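Peer 1: Structure for this input, please:
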Amino acid sequence: MLNPIPVSKKIVCTQCQKKLGPAQLFTCKCKKSFCSIHRYSDRHDCSFDYKTEGKAVLQRNNPLVKTDKCIKL
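Peer 2: Sure thing, here's the model as predicted:
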């Protein structure tokens, strides 16, 4: 018996179903693959929350700096 040849799964844009090659593939932060037209978050219904991620990055990179009170002379 002959073994069936495994068929590689084609990668397509999740928005328009366009076939994508390795140079045309863009993966969003929502873990989906898109073509060059739909790669931006405003071009597809992105489920990733950029606002809370941005706030978390700012809090992590800019810790609160607290100094001792100055004594008035």
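
Peer 1: Okay, buried residues for stretch 18-30 please.
Peer 2: 20, 28 (16 or more other CB atoms under 10 Å). Glycine gets a C-beta too; all of them are placed from N, C-alpha and C.

Peer 1: Using CSV, write down the CA coordinates of that stretch.
Peer 2: Provided in CSV are the C-alpha atoms of stretch 18-30 (Å, rounded to 0.1, in the frame of the first residue of the first chain):
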residue,chain,number,x,y,z
LYS,A,18,-6.3,35.3,0.6
LYS,A,19,-3.5,32.7,0.3
LEU,A,20,-0.3,34.0,2.0
GLY,A,21,3.3,33.1,1.3
PRO,A,22,6.1,33.5,3.9
ALA,A,23,6.9,37.1,2.7
GLN,A,24,3.2,38.2,2.8
LEU,A,25,2.4,36.8,6.3
PHE,A,26,1.8,39.2,9.1
THR,A,27,0.8,38.0,12.6
CYS,A,28,-1.1,40.3,14.8
LYS,A,29,-0.9,40.5,18.6
CYS,A,30,-4.3,38.7,18.6
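
Peer 1: can you start the count at 11 instead of 1 from here on
Peer 2: All right, first residue 11 from here; so that's stretch 28-40.

Peer 1: Off-centre distance for it?
Peer 2: 12 Å (CA atoms, centre = their mean, to the nearest Å).

Peer 1: Just give the nearest non-adjacent residue to residue 47, would you?
Peer 2: Nearest non-adjacent residue to residue 47, counting by CB to CB, 6 or more residues apart in numbering: residue 53, 6.5 Å away.

Peer 1: surely the one you found meets residue 23?
Peer 2: No - counting by CB atoms under 8 Å, residue 53 sits too far from residue 23 to count as a contact (10.5 Å).

Peer 1: more crowded one of the two?
Peer 2: residue 23 (21 against 14; other CB atoms under 10 Å).

Peer 1: Skipping adjacent residues, who's closest to that one in space?
Peer 2: residue 45 (4.0 Å).
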